[in-house]
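Trainee: Compute the structure for the input listed below.
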Amino acid sequence: MLAESEVRSLADYVSDAYGTAEFEIVGACTVLWSGWEGDIRAVLVDLADGRRVWGMVEGVHIPADRIVPTLRQRITAYRQAVAETEALLMIAGER
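Mentor: Modelled structure (predicted):
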């Protein structure tokens, strides 16, 4: 799921944002940024105290309270990119 370097980066993020180094990874997704080489990963983790929270791996720092809005904004951008690509393929006669 995550490379060792990504787990270390996540551990730093979780420690800074939530004050603990004890967590279990629930899942992760890549957050793509068009025109950047700085794609990052959002990670959902369970903390030792039972809270389920968000973390980020490497790349651009996104505060914990901005991760969900950022993911929603990225989904909008992905959908726009897909729509533009499909429209261009239609213009080119490719289906």
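
Trainee: Report whether residue 24 is found in a helix, as I expect.
Mentor: No. If the criterion is DSSP: H, G, I helix; E, B strand; the rest coil, then residue 24 is strand and not within a helix.

Trainee: which residues sit in contact with it?
Mentor: By Cβ atoms under 8 Å, 6 or more residues apart in numbering, the contact set of residue 24 is 45-46. For glycine as for every other residue, the C-beta is placed from the backbone atoms N, C-alpha and C.

Trainee: Any idea what it is bridged to?
Mentor: residue 46 (DSSP bridges).

Trainee: In terms of pLDDT, where does it sit?
Mentor: With respect to pLDDT, residue 24 has a value of 97.

Trainee: how near is it to residue 2?
Mentor: Separation of residue 24 from residue 2 (Cβ to Cβ, to the nearest Å): 12 Å.

Trainee: Can you show me the strands along the chain?
Mentor: Remark: strands assigned in the chain by DSSP state E are 23-31, 40-47, 52-57.

Trainee: what's the closest of these to residue 63?
Mentor: When these are compared by Cβ to Cβ, strand 52-57 sits nearest residue 63, at 9.1 Å.

Trainee: which helices and strands does that closest one pack with?
Mentor: Secondary-structure packing of strand 52-57 (3 or more Cβ pairs under 8 Å, 6 or more residues apart in numbering; DSSP states H and E): helix 4-18, strand 23-31, strand 40-47, helix 67-91.

Trainee: List the residues that contact the residue nearest the centre of the chain.
Mentor: Nearest residue to the geometric centre of the chain (Cα atoms, centre = their mean): residue 42, 2.7 Å. The contact partners of residue 42, taken as Cβ under 8 Å, 6+ apart, are 28-29, 31, 54-57, 67, 70-71.

Trainee: buried subset of these?
Mentor: Buried subset of the contacts of residue 42 (neighbour count, 16 or more other Cβ atoms under 10 Å): 28, 31, 54-57, 67, 70.

Trainee: returning to what we had before: which of the helices and strands packed on strand 52-57 sits closest to residue 61?
Mentor: That would be helix 4-18 among those, by Cβ to Cβ, at 8.3 Å.
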